[in-house]
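Need a 3D model of the sequence below.
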Amino acid sequence: WYQRRVRVSRSRLIPSRAALTLTPAAVKKVTDITSRQQCQGLKVSVKTRGCNGLTYVLDYCDYAAKFDEVVEQDGVKIFIDSKALMTLIGTEMDYTTNKLASEFVFNNPNVKGTCGCGESFSV
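Model (predicted):
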């Protein structure tokens, strides 16, 4: 008779990456904004706008909607709109200040093109 060996392996749980990561400068600014506005965090969404298709939208947020993704990093909560999740996966959110502007900058590896002014992008 033939004896068959079966290898039993336990599946390992692989930690998933956050859909959005924040730089220390972004964490500091979001903490400042949320404490002044007395809200739980910021909501990131993507709207159809601009000359290249999509643009990022930030709003104050107190709770997650039904299918929203919640990213918590260093005591800061970022709520990601469910419709924007696939376009934001792997994105780094930064806060920059220079002589002309102070703004959040999204370093998104999924972006295929941007407009000249940097306001909108396409995926």
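
which residue is nearest the centroid of the chain?
What sits nearest the mean C-alpha location of the chain, by Cα atoms, centre = their mean, is Leu20, with 3.2 Å.

Help me confirm that that one comes into contact with Val44.
Yes - here Leu20 reaches Val44: they are 6.9 Å apart, a contact under Cβ atoms under 8 Å. For every residue, glycine as well, the C-beta is placed using N, CA and C.

which helices and strands sit right next to the longest helix along the chain?
Taking DSSP state H as the criterion, the chain has its longest helix at helix 24-37. The helices and strands touching helix 24-37, judged by 3 or more Cβ pairs under 8 Å, 6 or more residues apart in numbering; DSSP states H and E, are strand 41-48, strand 54-61, strand 76-80, strand 91-97.

So what touches the shortest one?
Counting contacts by Cβ atoms under 8 Å, 6 or more residues apart in numbering, the residues outside strand 76-80 that touch it are 19-20, 22, 27, 30-31, 34, 40-45, 61, 64-65, 68-72, 88, 93.

quick one, that strand and strand 41-48 angle?
Angle of strand 76-80 versus strand 41-48, following axes from the mean of the first three to the mean of the last three Cα atoms, to 10 degrees, is 30 degrees.

average model confidence for stretch 80-87?
Computed over stretch 80-87, the mean pLDDT rounds to 84.

Show me what counts as buried in the helix or strand containing Met86.
Assigned by DSSP states H and E, Met86 belongs to helix 85-88. Judged by neighbour count (16 or more other Cβ atoms under 10 Å), helix 85-88 contains these buried residues: 85, 87-88.

That concludes my questions; thank you for your assistance.
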